[in-house]
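1. Predicted model and sequence follow; I will ask about them next.
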Amino acid sequence: MIRVHDLHKSFKLFSKPADRLLEAVTGRARHTPHHALRGISFEVREGEVLGVLGRNGAGKSTLLKLLTGVLVPDAGEMHIDGRVTGLLELGTGFNPELSGHDNITINGLMVGMSHAEIESRRQAIIEFSELGDYIHEPLRTYSSGMVMRLGFAVAIHADPSCFLVDEALSVGDGYFQQKCMKRIRQFKEAGGSILFVSHDLNAVKMLCDRAMVLESGRLTYDGDADDAVNYYNRIMARQAEEEEGRHRARQQGVYGSGEAEILRGEALGERSGAPVLGSGETLKVSLDLLAHQALDDLTLGLMIRDRYGQDIFGVNTHQLGQPLRLAAGEQRRVSLEIVADIAPGKYTLTLALHSSDHHLDDCFWWCDSYLQFEVAGFADLPFGGICRLPLTIELDPEIPQDATRSAHAPVIR
Ligand SMILES: Nc1ncnc2c1ncn2[C@@H]1O[C@H](COP(=O)(O)OP(=O)(O)OP(=O)(O)O)[C@@H](O)[C@H]1O
């Protein structure tokens, strides 16, 4: 159980290093305070995973450092039952000159283990980290993934009641990340509390019971993980719009002969109302088209691509038997609904306006990655692979005794 009430933390920012010294000597303030956390209150119950979302600099790592005692709060209360350990910023609590073996001792003591506890768990830590003979080499020779392996192994073997996971987990390779996630789930099932800081929205949806959103050091959302992800995405979308100017951003990569164009568009989940939706949820795409001259045979085409640029699904109105017809100067809204039965991940939507079935004769307008959306978690039953194919499964009535062995079944002698 973690209970945090009205937590504040600020840092002193000095415009030049000498000001720090001058302030210490003269006692006159020469810094400007930077409020990293402002009045944060929340609880994490036993067996609960709380996700923490926020943009870079929102205060997530500061919060975790306060909980582990790496930093001291300016004000507020923290109540933690039992030991807190976790995977913080890479290398926290390690000495690069010492071997992995000796760093287990240092790090173990730092997270509150006794010498006896460290000795009894050392072998298990080494085995979990899978560092082999590297355990006797100095830490400075390790890759970031190897440091992360050791950090995670010590933290999870320290018998914590609360486990904190920062982005550091993401430097591990896929295999080790999965191994860590499995261990985290076991920890949760055994009643442990977890704070999970991640920019991986899918992981937050899959793992967390609840999530909170930090904005410039303030807690602006605390609730259901799916809703928190949607809220966070709306903030991100708003900020992206303000910072870049949506229109300008979209015009990049546009080409075509210009007889027609897409003026505006959005792709939102039917339930989420945001460009993040669960797999199986309907993606509603709405596009405003403008024809600069009369077009009798206008085709709207789309292609969904995954983050590797792989084509996932493409179709056009001609193939669907619904060619469009627009008068000169006419503006029309086209709405599409696609059941997003595709795997969790980030996708782009490339759009085109052309004539007939393809864009090779007349391409009026084309924009790569005009819209983006993310599939996070499953709105329905989960599946593996890149997409869900329609499938039915039926259990036949009992098979007669003499037909139970197939003609192709291997004969075991
Ligand atoms: N030691 C420090 N001295 C001065 N400012 C700091 C210090 N540590 C953090 N900050 C500032 O406090 C704010 C919160 O930082 P923090 O690292 O907690 O953000 P974050 O949400 O974890 O970001 P990210 O997603 O980039 O890891 C930032 O503005 C950061 O620059």
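-> Received it, and whenever you're ready, just let me know what you need.

2. so where does V154 fall, helix or strand?
-> Using DSSP states H and E, the element containing V154 is helix 144-156.

3. Please apply the same query to R20.
-> Here R20 is assigned to helix 17-26, by DSSP H and E.

4. Tell me which helix or strand comes right after that helix.
-> In N-to-C order, the element after helix 17-26 by DSSP H and E is strand 31-44.

5. Now do that next one against helix 17-26, angle only.
-> 90 degrees (axes from the mean of the first three to the mean of the last three CA atoms, to 10 degrees).

6. close to the ligand, is strand 31-44?
-> Yes. Judged by CB under 6 Å from any ligand atom, strand 31-44 comes into contact with the ligand at H34, A36. Bear in mind the C-beta positions are built from the backbone N, C-alpha and C, glycine included.

7. So which elements touch the helix or strand that that strand is followed by?
-> Per DSSP H and E, strand 31-44 leads on to strand 49-54 as the next helix or strand towards the C-terminus. Packing contacts for strand 49-54, counted by 3 or more CB pairs under 8 Å, 6 or more residues apart in numbering; DSSP states H and E, involve helix 60-68, strand 193-197, helix 201-207, strand 210-215, helix 225-244.

8. ok, back up a step: and the helix holding V154 with helix 60-68, angle?
-> Using the same axes, to 10 degrees: helix 144-156 against helix 60-68 is 30 degrees.

9. buried ones in helix 144-156?
-> Across helix 144-156, burial judged by 16 or more other CB atoms under 10 Å covers M146, V147, M148, R149, L150, G151, F152, A153, V154, A155, I156.

10. nearest residue to the fifth one other than its sequence neighbours?
-> So that's L150. S129 (5.0 Å; CB to CB, 6 or more residues apart in numbering).

11. And for the one you found, the neighbour number?
-> Using other CB atoms under 10 Å, the number of residues around S129 comes to 23.

12. So which residues make contact with the helix holding R20?
-> If you take CB atoms under 8 Å, 6 or more residues apart in numbering as the criterion, helix 17-26 is touched by K12, F14, R28, A29, R30, H31.

13. Closest one to V285 out of the buried residues of helix 144-156, please.
-> Within these, the smallest distance to V285 is 39.3 Å, found for M148 (CB to CB).

14. doesn't E167 make contact with the closest one?
-> No. Using CB atoms under 8 Å, M148 makes no contact with E167, being 10.3 Å away.

15. returning to that earlier point: mind listing what the residue nearest to L150 touches?
-> G100, I135, M146, R149, L150, F152, A153.

16. now I235
-> R55, V213, E215, T220.

17. show me where pLDDT drops low in the stretch 51-200 of the chain?
-> Flagging of the stretch 51-200 of the chain using pLDDT under 70 yields the residue ranges 89-91, 171.

18. could you redo the last one with a cut-off of 80?
-> Along the stretch 51-200 of the chain, segments meeting pLDDT under 80 span 87-93, 167-174.

19. Flag every residue of it that's near the ligand.
-> G54, N56, G57, A58, G59, K60, S61, T62.

20. L371: which element?
-> strand 363-378.

21. Go ahead and measure how far the helix or strand hosting L7 is from the middle of the chain.
-> Taking DSSP H and E as the definition, one finds L7 inside strand 2-14. Distance of strand 2-14 from its chain centroid, counting by CA atoms, centre = their mean, to the nearest Å, is 25 Å.
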